[in-house]
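Engineer: pasted the sequence and its predicted model underneath.
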Amino acid sequence: AQTVTQSQPEMSVQEAETVTLSCTYDTSESDYYLFWYKQPPSRQMILVIRQEAYKQQNATENRFSVNFQKAAKSFSLKISDSQLGDAAMYFCAFPNSGYSTLTFGKGTMLLVSP
Amino acid sequence: DTGVSQNPRHKITKRGQNVTFRCDPISEHNRLYWYRQTLGQGPEFLTYFQNEAQLEKSRLLSDRFSAERPKGSFSTLEIQRTEQGDSAMYLCASSLDGPNQPQHFGDGTRLSIL
């Protein structure tokens, strides 16, 4: 079974600063995708960024980027120039075998202060 | 694209009652997923449909739970003889086919058992 571990229950960052959220996973698959989702308080979960395991290049979406270390099974999310609107719960997610459903980590609550 | 719609947003019921939730996915999405999320945890997979076929069910889905997607469009999740432990947020998501396709989530239905 796939497992996803987010070891930081909560992180704090000041506006305009950079923060990195960590995620590790365990799988026997060789080709897969990884996802980061954001869930603001009382709002729906939205996709932040996704990474294809066979791609060497780390994915980037505007201020969001990943540091994907396949051998270490590590998939961290870096948020640059943090904004108040980035405050949310962030979940790392990994597809189950057959690429159907997702296994989510327990999440990291990101607090952003002015 | 109106997004994934879930109804009701909140449901309060007495223990032992039956409840039914509805999910309307994004119209062109043939995959539909149900997850359960408890406080401080990431979503946990319950079941998933490819068109009208229910392809996978989690061990979390006891025989009190049933899900349908009769015409491959909207889906319902019914919980019979509700128990205190059923209190949670029930999330629905939909996606296109393919391992890299992101899942789009609804706002969820929060179930509270008195």
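Structural biologist: Arrived safely, thanks for sending. Residues are numbered from 1 along each chain as shown, chains lettered A, B, ... in the order given.
Engineer: quick check: residues of chain B near chain A?
Structural biologist: B:3-4, B:31, B:33, B:40-45, B:48, B:55-56, B:91, B:93, B:98-100, B:102-108 (C-beta under 8 Å from any C-beta of the partner chain). For glycine as for every other residue, the C-beta is placed from the backbone atoms N, C-alpha and C.
Engineer: so which of those residues are in strands?
Structural biologist: Judged by DSSP state E, the residues of chain B next to chain A include B:31, B:33, B:44-45, B:48, B:55-56, B:91, B:93, B:104-105 as members of strands.
Engineer: and the least confident of the residues you listed?
Structural biologist: Among these, B:E56 has the lowest pLDDT, at 85.
Engineer: I'd say it and B:Y48 touch.
Structural biologist: Yes: B:E56 lies in contact with B:Y48 (C-beta atoms under 8 Å); the separation is 5.1 Å.
Engineer: the more surrounded of these two?
Structural biologist: A direct count of neighbours by other C-beta atoms under 10 Å in any protein chain shown for B:E56 and B:Y48 places B:Y48 higher, at 28 against 16.
Engineer: list the contacts for the nearest residue to that one once chain neighbours are set aside?
Structural biologist: Of all residues not flanking B:Y48 in the chain, B:Y33 sits nearest, at 4.6 Å (C-beta to C-beta, 6 or more residues apart in numbering or on different chains). Neighbour list for B:Y33: A:101-102, B:45-49, B:92-95, B:103 [criterion: C-beta atoms under 8 Å, 6 or more residues apart in numbering or on different chains].
Engineer: please name whichever of these scores lowest on pLDDT.
Structural biologist: Least confident entry in those, by pLDDT: A:T101, with 83.
Engineer: and for that residue, the neighbour number?
Structural biologist: Neighbour count for A:T101, taken as other C-beta under 10 Å: 25.
Engineer: so it touches B:F49, yeah?
Structural biologist: No: at 11.0 Å, A:T101 does not count as touching B:F49 under the criterion of C-beta under 8 Å.
Engineer: my guess is B:H104 meets B:G3, correct?
Structural biologist: Yes: assessed by C-beta under 8 Å, B:H104 is found in contact with B:G3 at 6.8 Å.
Engineer: overlap of the contact sets of these two?
Structural biologist: By C-beta under 8 Å, 6+ apart, B:H104 and B:G3 have these common neighbours: B:I26.
Engineer: residues of chain A that sit close to chain B?
Structural biologist: Within reach of chain B by C-beta under 8 Å from any C-beta, chain A has these residues: A:4, A:32-33, A:35, A:37, A:43-47, A:50, A:52, A:91, A:93, A:95-96, A:98-107.
Engineer: mind checking which of the residues you listed land in strands?
Structural biologist: In strands, defined here by DSSP E, the members of the residues of chain A next to chain B are A:4, A:33, A:35, A:37, A:46-47, A:50, A:52, A:91, A:93, A:95, A:102-104.
Engineer: doesn't B:E78 lie inside a strand?
Structural biologist: Yes: assigned with DSSP: H, G, I helix; E, B strand; the rest coil, B:E78 falls within a strand.
Engineer: and for it, the neighbour number?
Structural biologist: By the criterion of other C-beta under 10 Å, B:E78 has 13 neighbours.
Engineer: OK, contacts around the residue nearest the centre of chain A?
Structural biologist: Centroid-nearest residue in chain A: A:W36, 3.4 Å away (criterion: C-alpha atoms, centre = their mean). Residues near A:W36 by C-beta under 8 Å, 6+ apart: A:21, A:23, A:47-50, A:64, A:66, A:75, A:77, A:90-93.
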